[in-house]
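Trainee: give the three-dimensional model of this entry:
(chains A and B)
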Amino acid sequence: MLRHAGKRLLAAIPLLLVVPLLVFLLIDLAPGDPAVVLAGDNPTPERIAAIQARLGLSDPVVERYARWVGAVLHGDLGKSLMSDQSVMEMIIRRMGATMSLVLFAMVMAVVLGALMAILSSLRPGGVVDRLVNWLASIAIAIPAFWFGLVLASLFAVTYRVFPAFGFVPLSEGIGPWLSHLVLPGVALGLLPAAEVTLQLRSALGQVLTSDYILNARAKGLSRRSVLFKHALKNACVPVVTVFGFRVAEVLAGSVTIEIIYNMPGLGSLAVDSVLSRDIPVLLGFVLFSTSVVVVVNLLVDISYGYFNPKVRA
Amino acid sequence: MKNVTTPPDDLLDAPGDPYAESAGTGILRGILRRRSTIVAGGFLALLVLVAVLAPVIAPYDPNVQNVLQRLRPPGSGHLLGTDDYGRDVLSRLIHSARVSLQAAAQAVAVALVIGLSPGVAAGFRGGWLDAALTRIMDALMSAPSLVLAITIVAVLGPGVTNAMLAVGVIMAPRFFRVSRATTMDVRHETYIEASIALGCGNLRTAVRHILPNVMPPIVLVTSVSLGAAVAAEASLSFLGLGVRPPAASWGSMLSTASSNMGLAPYLVWPPGVMIFLTVLAFTYLGDGVRKGMLRSRSASGKGE
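Mentor: Alright, predicted model coming up:
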């Protein structure tokens, strides 16, 4: 079990290294002098020279990359080209909003998704089942950022039920924190909730027709107790796998949602760094989000052991 | 000697093409049996028509500004109202269909080129080639998609073509996985081994005998990916990384809506509904194609 997890962790390291390498190579391959491109629309010669010096652009790409990796291993992500702040500090300062948002969305996905799937599995093929299936397949086509705009326009601008914009850290009270998270969180959580619903519903459908469930039913257990005590745990395995993939997508989706709700998170940092071509900040963001995805996938792998004892061996 | 190694063409090809003419029409019939598929396909056909005829249909020039008419709510003169520069929303919506569909097609074309042939090659050759390609595609797949797209756009510069190149690269692993898996499925079928034994080269075997098997699932992935690409273009343009102003796409129109939410809440609906319906239509079309394929396969299985 532990060895399995360790192996997966080792396998994840290349991923952490490859994505930033891609950024370095792309900068190198992009047409024109990278320093001129990075300097923006009206570059002064001093700025170009400064960027050249800062990024060490006269050195070969492999050397630059190796230097960056070395610095990262020492916990140094470099400094922003724009504000001269430490990238590490910028990321830490903005992490709270993004993590709160992603957490809210994922919790909503699990709770709402499980609820819907269980409701529809109580009577497969019934009215509730068909309604849930229909709603979920519609919800999958709704772009999160549009849903976010609609929610903001309805519940924050037209009817002022929730605060429209911004973010309040958890340290200032759970009430304000939650009320600022509801709209963006629901917007971001809808898609994964629909996906969890569909996945769990089909997994439960399969499990509920298997022999051991029939056996439990034949022994006289009620349908409900079979569903909760026997079927649910087995049906979770495929759902957890999908869940791992979703975290990456929710993290990506948080970028647009943060822009709409004006939240000081990593998403707005990333977009700003792209528009101003602040490569060190962008690299920091890329490394951070890839790490989150790697960690979540690792947790997913470990959780298989809980859901399915066969993996533990 | 030559006569022995290269038998007549029909002998080489007939057994290798399970989706030949008769089976193909069976699939089509299976697909058209579902009403939702027809509605979805009809909607998309109409959308393509609107996109092609955009300059003829649109009531106004989509980029002409009229500050006196700015932020007019929907009504006579401007059916869907005007935006913050006084541009007609309906006209921009119609012209955006062009940008969005073209962008989606570009992205999927890139994904097809990067994904399909390496997938077939990996599945067919196996060994180190397979291991290397699978590793690369897995890495691409597990990186957060929009983050990767943003990164690529950051380096190449904003613009629809660059953005769609990025989206295409990100979607390539899906095409790779499907074509690789299907190729491996049929790799050791008798008719493939037979064609190799009869002297078919690797390229000929791959193109004439394996590709026909790979195409049906690829059609499915293409349909779903087109929907995903429309959504991806919208998010990137919303962030200002896609289409360049003054040109519009559904995503950039939503960005306008976002900054004028207090004064003009009606701007939120038209582009969003279009994105939603387009993505939904591609999903239903893909679903219909998949079910049609399953049906015709199980039907022909029973027939034999």
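
Trainee: what's the spacing between A:R130 and A:S137?
Mentor: Distance, A:R130 to A:S137, using C-beta to C-beta, to the nearest Å: 11 Å. Placement of C-beta: from N, CA and C, glycine included.

Trainee: the two: who's more crowded?
Mentor: A:S137 (16 against 12; other C-beta atoms under 10 Å in any protein chain shown).

Trainee: show the contacting residues for the more buried one.
Mentor: By C-beta atoms under 8 Å, 6 or more residues apart in numbering or on different chains, the contact set of A:S137 is A:194, A:198, B:283.

Trainee: again, only using 10 Å
Mentor: A:194, A:197-198, B:280, B:283-284, B:287 (C-beta atoms under 10 Å, 6 or more residues apart in numbering or on different chains).

Trainee: in those, find the pair that's most separated.
Mentor: Maximum pairwise distance in the contacts of A:S137, criterion C-beta to C-beta, is 17.8 Å, between A:T197 and B:Y284.

Trainee: residue 50 - how many residues pack around it?
Mentor: I'll assume chain A. By the criterion of other C-beta under 10 Å, A:A50 has 14 neighbours.

Trainee: my bad, the chain I had in mind was chain B
Mentor: For B:V50, the number of neighbouring residues by other C-beta under 10 Å comes to 18.

Trainee: which of the helices or strands spans whichever residue of the stretch 51-200 of chain B sits closest to chain A?
Mentor: Closest to chain A within the stretch 51-200 of chain B is B:L146: 3.3 Å, counting by C-beta to the nearest C-beta. Here B:L146, judged by DSSP states H and E, is contained in helix B:145-156.

Trainee: so A:G96 touches A:P169, yeah?
Mentor: Yes. Using C-beta atoms under 10 Å, A:G96 is in contact with A:P169, at 5.4 Å.

Trainee: okay, those two: which has more neighbours?
Mentor: Legend: neighbour count by other C-beta under 10 Å for A:G96 and A:P169, higher for A:G96 (19 against 13).

Trainee: how about the more buried one, secondary structure?
Mentor: Under DSSP: H, G, I helix; E, B strand; the rest coil, the three-state class of A:G96 is helix.

Trainee: for A:L57, same thing?
Mentor: Reduced to three states by three-state DSSP, A:L57 is coil.

Trainee: and it, how many neighbours?
Mentor: Neighbours of A:L57 under the rule other C-beta under 10 Å: 17.

Trainee: picking that back up, most neighbours among the contacts of A:S137, which one?
Mentor: A:T197 (28 neighbours).

Trainee: residue contacts, it?
Mentor: A:109, A:112-120, A:132-133, A:135-137, A:139-140, A:239.

Trainee: tell me which of those residues fall in helices.
Mentor: Counting by DSSP state H, these place A:109, A:112-120, A:132-133, A:135-137, A:139, A:239 in helices.

Trainee: least confident secondary structure element in chain A?
Mentor: helix A:34-38 (a mean of 68; mean pLDDT, DSSP states H and E).

Trainee: sitting in helices, which of the contacts of A:S137 do you find?
Mentor: Using DSSP H, A:194, A:197-198, B:280, B:283-284, B:287 are the members of these that sit in helices.

Trainee: including pLDDT and distance to A:L287, could those residues go into TSV?
Mentor: Formatted as TSV, those follow (pLDDT from 0 to 100; distance: C-beta to C-beta, whole Å):
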residue	pLDDT	distance to A:L287
A:A194	93	30
A:T197	93	33
A:L198	91	33
B:L280	93	36
B:T283	88	33
B:Y284	89	39
B:D287	84	37
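
Trainee: so which of these is the closest to B:R208?
Mentor: For the ones in helices among the contacts of A:S137, the nearest to B:R208 is B:D287 (29.7 Å; C-beta to C-beta).

Trainee: how much space separates the closest one from B:T37?
Mentor: 8 Å.

Trainee: what residue is smack in the middle of the chain?
Mentor: This is for chain A. Geometric centre of chain A, nearest residue: A:L251, 2.6 Å, by C-alpha atoms, centre = their mean.

Trainee: nope, chain B please
Mentor: For chain B, by C-alpha atoms, centre = their mean, the most central residue is B:L226; offset 2.5 Å.

Trainee: in which helix or strand would I find that residue?
Mentor: For B:L226, the element it lies in under DSSP H and E is helix B:211-238.

Trainee: can you confirm whether that helix lies near chain A?
Mentor: Yes. Interface with chain A: helix B:211-238 contributes B:227, B:230-232, B:234-236, B:238 (C-beta under 10 Å from any C-beta of the partner chain).

Trainee: mean confidence for the strand or helix carrying A:V128?
Mentor: Using DSSP H and E, the element containing A:V128 is helix A:127-139. Averaged over helix A:127-139, pLDDT sits at 92.

Trainee: the ones in helices among the contacts of A:S137 into JSON lines, with extra columns for distance to A:T290?
Mentor: Putting the ones in helices among the contacts of A:S137 into JSON lines (distance: C-beta to C-beta, whole Å) gives the following:
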{"residue": "A:A194", "distance to A:T290": "26"}
{"residue": "A:T197", "distance to A:T290": "28"}
{"residue": "A:L198", "distance to A:T290": "27"}
{"residue": "B:L280", "distance to A:T290": "31"}
{"residue": "B:T283", "distance to A:T290": "28"}
{"residue": "B:Y284", "distance to A:T290": "34"}
{"residue": "B:D287", "distance to A:T290": "32"}
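
Trainee: what's the local residue count around the one residue in the stretch 201-313 of chain A that gets nearest to chain B?
Mentor: Of all residues in the stretch 201-313 of chain A, the one sitting closest to chain B is A:A252 (3.3 Å; C-beta to the nearest C-beta). Residues contacting A:A252 under the criterion other C-beta under 10 Å number 24.

Trainee: so who does it touch?
Mentor: A:A252 neighbours (C-beta under 10 Å, 6+ apart): A:144, A:267, A:270, A:289, A:293, B:143-150, B:232, B:235.

Trainee: pull the most distant pair out of the residues you listed.
Mentor: Farthest pair in the contacts of A:A252, by C-beta to C-beta: A:A144 and B:A143, 18.9 Å.

Trainee: coming back round to it: what does the pLDDT read for the residue of the stretch 51-200 of chain B closest to chain A?
Mentor: Confidence score, pLDDT, at B:L146: 75.

Trainee: nearest residue to B:I196 other than its sequence neighbours?
Mentor: B:T205 (5.9 Å; C-beta to C-beta, 6 or more residues apart in numbering or on different chains).

Trainee: where do the helices sit along the chain?
Mentor: Since you didn't name a chain, this refers to chain A. A:2-29, A:34-38, A:45-55, A:61-73, A:87-122, A:127-139, A:144-151, A:174-208, A:211-218, A:223-226, A:232-260, A:266-275, A:279-307.

Trainee: chain B, not that one
Mentor: B:2-5, B:9-13, B:21-32, B:35-52, B:54-57, B:89-125, B:127-142, B:145-156, B:160-187, B:190-197, B:202-204, B:211-238, B:250-259, B:269-303.
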